[in-house]
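# The following comprises the amino acid sequence and a computationally predicted model.
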Amino acid sequence: MITVRAPATSANLGSGFDVFGVAFDRPADIIRVERAERTTIDITGVGSQYIPTDPEKNTVGAVVEALDAPAHIEIDKGVRPASGLGSSAASAAGAAVALNELYDRGLSRAELVPIAAEGEAVVSGTAHADNVAPSILGGFTIATADGVESVSTDISLVACLPEIAVSTRDARRVVPETAQMSEVVETVGNAATLTVGMCRGDPDLVGRGMDDPLVTPARAELITGYDTVREAAIDAGATGVTVSGAGPSVLAVCHEGDRRAVGGAMLTAFDDHEVDARVYQTQVSDGATIL
Ligand SMILES: Nc1ncnc2c1ncn2[C@@H]1O[C@H](COP(=O)(O)OP(=O)(O)O)[C@@H](O)[C@H]1O
Ligand SMILES: N[C@@H](CCOP(=O)(O)O)C(=O)O
C-alpha cells in the first residue's frame, strides 16, 4: 500500500487564470492505493457525501486510466469539495503520485501534472493544470500547454472558505469569451509583477500583481459579501486579495505578522453578511508527500 498526502492549492491568483497556482501547507487529502484487478474507491472526510465513488465520475478514475494502474483507492478528504481550494485536484494529484509509485511507472513529478489534469476534465470540463501542478510540485507554479515551472518561495497566505458552494464547472460558464486589449495589457503587466514578487519572496509585489479585470469581477458576483471581505482584508494589512480558484474561497496575501488580523477581518466581514466561514492561515508550501 502507498499513502500520499496531497495539499490544497489556490489557482489563478487573479492575473494568472488557468496558469498560476500555489500549494498550501494545509488542508490536504490523504490518498491510499493498493493494487487490485478493478478500480474501487472509498471516500471519507469532509464533504465525502457529495463526491461520487464511481471511477468514471471521480477525478482519481481518470488518473487510473491514464497510468493504466487499477487499484483500490481510499480518499480521506481534508479539502472540502466545491471550495476553490483545489479539492478535486488534491485527490487527482495524490492519486497520480501514489499510483506512479505503486506501479513503478518512473514518471517525473512534472510528467504527472498533465496526467492528474485529466481528472479535472472529468469535473469541470477542462483539463486545467493550475491546481494539480502545485499540489504535485509544491511552491508557486506556472502551468502552460508547453510544461510546468515551479518556484519555492516564502509568501504568507490567508484563505477564507465561506459556507457557500460554487462548482468550478458553473464558475467557468461566467468567464467572458472576449477581452479588450487594454484589459489584456493590464493583466499581462500584473502577472509579470506577481511572478517577480514570488521569485523575490516579496508580498507587496505579489499583492500588486493579483489584480485582474478579466475573470475575477464575474466570479466575485457568485460570492456573497466578496467586496466587503476584500476591503476588510486590505484594511487589516493584506497586500492583495482575489477569488481563490473558481471560488467561493477568498485568498489574501500578506506579511507574516498580519495573517491573524487579516483572517479575523475576513471572518467578521462574511459574518456581517450572515455567511459562516473558516480561515486557513498558511504559506506557500511543499507539494505531495509519500508518507
Ligand atoms: N476526488 C474528488 N475530490 C473532490 N471532488 C471530487 C472528486 N471527484 C469528483 N469530485 C467532484 O468535483 C466537484 C468539486 O470540484 P470543483 O468544483 O473543482 O471544486 P474544488 O474547487 O473544491 O476543486 C464536486 O462536484 C465533486 O463531487
Ligand atoms: N483555473 C481554474 C481553477 C479552478 O480552481 P478550483 O480550486 O476552484 O477548482 C478556474 O478558475 O476555473
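Noted; the coordinates are in hand. Numbering: from 1, shown residues only. Ligands and ions are numbered 1, 2, ... in the order given.

# can you map out the helices along the protein?
For the chain, applying DSSP state H gives helices covering 59-67, 87-102, 109-124, 132-137, 168-173, 181-200, 203-208, 216-220, 226-235, 259-272.

# got CSV for those, with mean pLDDT and mean neighbour count too?
To be clear about C-beta, it is placed using only N, CA and C from the backbone, and glycine gets the same treatment. Formatted as CSV, those follow (pLDDT from 0 to 100; neighbours: other CB atoms under 10 Å):
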stretch, mean pLDDT, mean neighbour count
helix 59-67, 98, 25
helix 87-102, 98, 30
helix 109-124, 96, 22
helix 132-137, 98, 34
helix 168-173, 93, 16
helix 181-200, 98, 16
helix 203-208, 98, 22
helix 216-220, 97, 18
helix 226-235, 98, 19
helix 259-272, 98, 20
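
# Ser15 contacts Leu194, doesn't it?
Yes. Counting by CB atoms under 8 Å, Ser15 touches Leu194, with 5.8 Å between them.

# wait, Tyr103 sits on Ala66?
No. Tyr103 lies out of contact with Ala66 (CB under 8 Å); the separation is 11.7 Å.

# Can you tell me which residues in the stretch 101-250 of the chain are near ligand 1?
Val123, Ser124, Ser167, Thr168, Gly245, Ala246 (CB under 6 Å from any ligand atom).

# Just give me the closest of these to Gly138.
Gly245 (17.2 Å; CB to CB).

# OK, contacts around that closest one?
Counting by CB atoms under 8 Å, 6 or more residues apart in numbering, Gly245 touches Thr9, Ser10, Ala11, Asn12, Ser83, Gly84, Leu85, Gly86, Asn131, Thr168.

# In strands, which of these appear?
With DSSP state E as the criterion, strands contain Thr9, Ser10, Ala11 from among these.

# now, which of these lie close to ligand 2?
Filtering these for proximity to ligand 2 by CB under 6 Å from any ligand atom leaves Ala11.

# okay, the ones in strands among the contacts of Gly245 in TSV with neighbour count and pLDDT next?
As requested, the ones in strands among the contacts of Gly245 are exported to TSV (neighbours: other CB atoms under 10 Å; pLDDT from 0 to 100):
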residue	neighbour count	pLDDT
Thr9	30	98
Ser10	29	98
Ala11	32	98
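
# which one of the ones in strands among the contacts of Gly245 sits closest to Ala98?
For those, the minimum distance to Ala98 (CB to CB) is 17.2 Å, reached by Thr9.

# bridging residues for that closest one?
Ala23 (DSSP bridges).

# Touching, it and Phe20? I think so.
No. Using CB under 8 Å, Thr9 makes no contact with Phe20, being 10.3 Å away.

# mind checking how far Glu118 is from Ser124?
Glu118 sits 12 Å away from Ser124, taking CB to CB, to the nearest Å as the criterion.

# sorry, back to before: what do Ser15 and Leu194 both touch?
Gly209, Met210.

# Check this structure for the residue nearest ligand 2 and tell me.
For the chain, the residue closest to ligand 2 is Gly245, as judged by CB to the nearest ligand atom, at 2.6 Å.

# Look up phi and psi at that residue.
As for Gly245, its main-chain torsions (degrees, to the nearest 10) stand at phi 60, psi -130.

# shift numbering so it begins at 37
Done: numbering now begins at 37, and the last item shifts to Gly281.

# Check it and give its pLDDT.
For Gly281, the pLDDT comes out at 98.

# what's the spacing between the residue in the chain sticking out farthest from the centre and ligand 1?
Largest separation from the mean C-alpha position in the chain: Glu73, at 31.9 Å (CA atoms, centre = their mean). Using CB to the nearest ligand atom, to the nearest Å, we find Glu73 at a distance of 21 Å from ligand 1.

# Mind pulling the model confidence for the nearest residue to that residue once chain neighbours are set aside?
Here the nearest residue to Glu73 in space, its sequence neighbours aside, is Pro106; by CB to CB, 6 or more residues apart in numbering that works out to 6.5 Å. Predicted confidence (pLDDT) for Pro106: 98.

# Tell me who's in contact with Pro106.
Going by CB under 8 Å, 6+ apart, Pro106 touches Arg71, Ala72, Glu73, Arg74, Thr75, Val100.

# Let me know the closest of these to Val251.
For the contacts of Pro106, the nearest to Val251 is Val100 (31.5 Å; CB to CB).

# Thanks a lot, catch you later.
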